[in-house]
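Colleague: A structural model of the following input is requested.
(2 chains)
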Amino acid sequence: MIGADKAEQGKEPELPLALPSVEPPADHVRSKPFTSVFLLYGCLVGLIWTIVLLVIIAVKTSVASTVVATLGGAVAAITAIIGVFQPPKLPTIGPKATRGIVAFILIVDFVGTVVWGGWSLYVASQPTNVLSVVTLGQNTNVLPGGHATLDVAITAQKNTLELRFQVADHNGEIGSCVPSTLFSVETEMAGNHGGAVPASPGALTLVYVPAGTTKLHLDIAVMNTRDDRNCGVDLSVVSAMLQNE
Amino acid sequence: MYRVRARGGWLAVLGSVVLLAGCAPEPGPSILTGTIIVGVVEDSPGFGVGALNPAGFDIDLMNAVGARLRTPVTSKPFTIADRERMLDSSNVTIVIATYSITPARNQRGIDFAGPYMVGPQAFLVRADDMSITNNKDSLINKSVCTESEGTGKGVNIPGANMATKPPTTKDCVDYLLAHTTDAVFTDALVLYGYTHANPGKFKVVLPGAFGELQYYGIGLRGHHHADCLKLNAVISDYLRMQWRHDFQAELPDAVAAYPGNDTSGGDFESQFKPKDSDMALSCKL
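Modeller: Sure thing, here's the model as predicted:
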């Protein structure tokens, strides 16, 4: 008995290690598929929304937007590939937390898109002054039938170059040519000629800038409405702005 | 609060207007009151000849100005070289004297109404001189005379000797008669006046080959914009109602030179009568 008692005494007392078994609440049972689907589709909608908007902005605006849109597209592609080959194992979290995360992502997404989009559109709507990078050639003492040239670097992705020319008599002592002087502006790119745009001194001349253009070369043909063949003029540019029309 | 702001805004606008007004040159009093003294040339056949009873196209225009403004006018003859000085010194009110509108004259403070005439420049040569033709190269090594204060003096004629520059065109014509020079270079219409006054002695060649078109305007001192516009209105009426008649009467050789048979050249009216758009040259100051 004593031996048995000893044996009983040598045995460690058994502790209740496991927590009491409690039945999980009913909604927790449903939360796993609900959370996964909600989180997945919520993020997917947000991502697609962002990419579409950024692509639209990139088409309309500047280089920075194109970079952001490209990165967004790349992230989406990589995410899609990973998703196909290794479906995400989403953590099991509560429905409130899930809604909170999704709402947070959507709000950040929405705010980011609106701010970035708004800023891009604002920047796109502002004209870019390129007067300092305009170079004129053969622009002094141009006679009717003669040509001057204009080269300009396209420093912002805009679809229109707005030019304002000024014409002065080459020799103001011998006559007045300005009122009878007209000219036309023609774009030359890689040997191809765009349509000639009629222009007159002091008036705004709009030249179309094709997408992706980095440099523009213009041919300016000088004419005289009175056929005053000796009327030499000096041509200058007083304003040159890139603008989206 | 709103009223205070609104009042402040109006004050700012008013201040800006006052400042702008302060920057602009003050318009002078009207010069077209009382008797208008008109500077005219007395030695340019077809435009102005004679000191006592002057006659010519410029004189016709002078009379039209007086009639339309209902103001007495009186002519004051001078030589072409004196036009600017007479205006500057207020010896004349306006100048109607084959006075070409140029930016350089505008810069020297002379404003112009008009133009009332437009035409090319050309050469007057002796009628029997066959060495100068309607070929530009025929002027090489020739002596060409042009007046010292006209627009022709600044024109480069390659190969020609341009050293002779007396004060008036009449001096040049005298040199031409005396065989001291080979050609006279100035406005074609002035030269047609000389051919008409000296029948059989001269011919006009190379019109438009050198020099620019000349637009004749009524000269006045700058900063009399309202007066300039009044003169413009007179000229517009004159061009519409009287110009053709006076041109035919005073410059018959120019009419004969441009009969209108040649469709490329047109008649004298299409050559020498200003268009409405030419008025852009006027009233700059």
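Colleague: Spell out, range by range, the helices that occur in chain B.
Modeller: B:2-23, B:57-69, B:83-88, B:103-107, B:169-177, B:188-197, B:225-241, B:243-250, B:252-257, B:268-272 (DSSP state H).
Colleague: Identify whichever of those lies nearest to chain A.
Modeller: Closest to chain A of these, according to C-beta to the nearest C-beta: helix B:103-107, at 3.5 Å. For every residue, glycine as well, the C-beta is placed using N, CA and C.
Colleague: who's in contact with the closest one?
Modeller: The set of residues external to helix B:103-107 that reach it, using C-beta atoms under 8 Å, 6 or more residues apart in numbering or on different chains, is A:168-169, A:172-173, A:176, A:178, B:84, B:112, B:219, B:222, B:284-285.
Colleague: Return the residues in contact with B:Asn198.
Modeller: Per C-beta under 8 Å, 6+ apart, neighbours of B:Asn198: B:Val173.
Colleague: Enumerate the residues of chain A near chain B.
Modeller: A:168-169, A:171-180, A:225-226, A:228-231 (C-beta under 8 Å from any C-beta of the partner chain).
Colleague: Can you flag the buried ones in those?
Modeller: Buried residues within the residues of chain A next to chain B, counting neighbours by 16 or more other C-beta atoms under 10 Å in any protein chain shown: A:168-169, A:171-180, A:226, A:228, A:230-231.
Colleague: do you know how far the residue of the stretch 151-285 of chain B found nearest chain A is from B:Glu269?
Modeller: The nearest approach of the stretch 151-285 of chain B to chain A comes at B:Glu212, 3.1 Å away (C-beta to the nearest C-beta). Distance, B:Glu212 to B:Glu269, by C-beta to C-beta, to the nearest Å: 21 Å.
Colleague: cool, and B:Leu32?
Modeller: 29 Å.
Colleague: the more surrounded of these two?
Modeller: Taking other C-beta atoms under 10 Å in any protein chain shown, B:Leu32 and B:Glu269 do not tie; B:Leu32 has more neighbours (18 against 14).
Colleague: Nearest residue to the more buried one in space, please, no chain neighbours.
Modeller: B:Asp227 (5.0 Å; C-beta to C-beta, 6 or more residues apart in numbering or on different chains).
Colleague: With B:Gly193 instead?
Modeller: Closest to B:Gly193 by C-beta to C-beta, 6+ apart is B:Gly46, at 2.7 Å.
Colleague: so where is chain A shaky, pLDDT-wise?
Modeller: A:1-40, A:42-43, A:53-70, A:73, A:76, A:80, A:82-91, A:190-194 (pLDDT under 70).
Colleague: Next, the closest residue to chain B within it: phi, psi?
Modeller: Minimum separation of chain A from chain B (C-beta to the nearest C-beta) falls at A:Gly175, amounting to 3.1 Å. Here is the backbone geometry of A:Gly175 (degrees, to the nearest 10): phi 170, psi -180.
Colleague: Spit out the contact partners of it.
Modeller: A:169, A:228, A:231, B:100, B:102, B:151, B:211-215.
Colleague: So which of those residues sit within strands?
Modeller: Judged by DSSP state E, strands contain the following of these: A:169, B:214-215.
Colleague: Which residues are in contact with the nearest residue to B:Gly159 once chain neighbours are set aside?
Modeller: Distances taken as C-beta to C-beta, 6+ apart place B:Ile140 nearest to B:Gly159, at 3.4 Å, with adjacent residues excluded. Contacts for B:Ile140 (C-beta under 8 Å, 6+ apart) come out as B:158-160.
Colleague: and what of B:Arg68?
Modeller: Applying C-beta under 8 Å, 6+ apart to B:Arg68 gives the contacts B:233-234, B:237-238.
Colleague: do that again at 10 Å, thanks
Modeller: B:230-231, B:233-235, B:237-238, B:241-242 (C-beta atoms under 10 Å, 6 or more residues apart in numbering or on different chains).
Colleague: what about it, distance to B:Leu220?
Modeller: B:Arg68 is 16 Å from B:Leu220, by C-beta to C-beta.
Colleague: go on, B:Ile80?
Modeller: 17 Å.
Colleague: Repeat that for B:Ser89.
Modeller: Going from B:Ser89 to B:Leu220 by C-beta to C-beta gives 14 Å.
Colleague: the more surrounded of these two?
Modeller: Set B:Ser89 next to B:Leu220 and count neighbours by other C-beta under 10 Å: B:Leu220 wins out with 23 against 9.
Colleague: Just the buried ones from the contacts of B:Ile140?
Modeller: Using 16+ other C-beta under 10 Å as the burial test, the contacts of B:Ile140 include B:Ala160 as buried.
Colleague: What is the neighbour count of the residue nearest to B:Leu32?
Modeller: Counted with other C-beta under 10 Å, B:Asp227 comes out at 25.
Colleague: packing partners for the helix or strand containing A:Lys96?
Modeller: Taking DSSP states H and E as the definition, A:Lys96 sits inside helix A:95-125. Here helix A:95-125 touches helix A:26-60, helix A:63-85, going by 3 or more C-beta pairs under 10 Å, 6 or more residues apart in numbering or on different chains; DSSP states H and E.
Colleague: where does B:Asp267 sit relative to A:Ile220, distance-wise?
Modeller: Distance from B:Asp267 to A:Ile220, by C-beta to C-beta: 34 Å.
Colleague: Between the two, which is the more surrounded one?
Modeller: Just comparing B:Asp267 and A:Ile220: by other C-beta under 10 Å the higher neighbour count belongs to A:Ile220, 25 against 14.
Colleague: what about the longest strand anywhere in chain B, average pLDDT?
Modeller: With secondary structure taken from DSSP E, chain B has its longest strand at strand B:110-119. For strand B:110-119, mean pLDDT rounds to 95.
Colleague: ok, that strand near chain A or not?
Modeller: Yes. Judged by C-beta under 10 Å from any C-beta of the partner chain, strand B:110-119 and chain A are in contact via B:112, B:115, B:118.
Colleague: Wait, the first one touches B:Asp278, no?
Modeller: No. Between B:Phe112 and B:Asp278 there is no contact, the gap being 11.1 Å when judged by C-beta atoms under 10 Å.
Colleague: higher neighbour count, those two?
Modeller: Per other C-beta under 10 Å, whichever of B:Phe112 and B:Asp278 has more neighbours is B:Phe112, with 30 against 23.
Colleague: Quick one, grab the pLDDT at the closest residue to that one other than its chain neighbours.
Modeller: Using C-beta to C-beta, 6+ apart and skipping the chain neighbours, the partner closest in space to B:Phe112 is B:Gly217 (3.2 Å). Looking at B:Gly217, its pLDDT reads 96.
Colleague: before we move on, what about B:Asp276?
Modeller: Looking at B:Asp276, its pLDDT reads 90.
Colleague: show me the contacts for it.
Modeller: B:Asp276 is in contact with B:236, B:239, counting by C-beta under 10 Å, 6+ apart.
Colleague: Closest one of the contacts of helix B:103-107 to B:Asn63?
Modeller: Distance ranking of the contacts of helix B:103-107 against B:Asn63, using C-beta to C-beta, places B:Gly219 first at 17.4 Å.
Colleague: Next up, the contacts around that closest one.
Modeller: Contact analysis of B:Gly219 by C-beta under 10 Å, 6+ apart lists B:39, B:83-84, B:86-87, B:92, B:94-97, B:99-101, B:105, B:110-114.
Colleague: Nearest residue to it in space, ignoring adjacent ones along the chain?
Modeller: Spatial nearest neighbour of B:Gly219, chain neighbours left out: B:Val95 (3.8 Å); criterion: C-beta to C-beta, 6+ apart.
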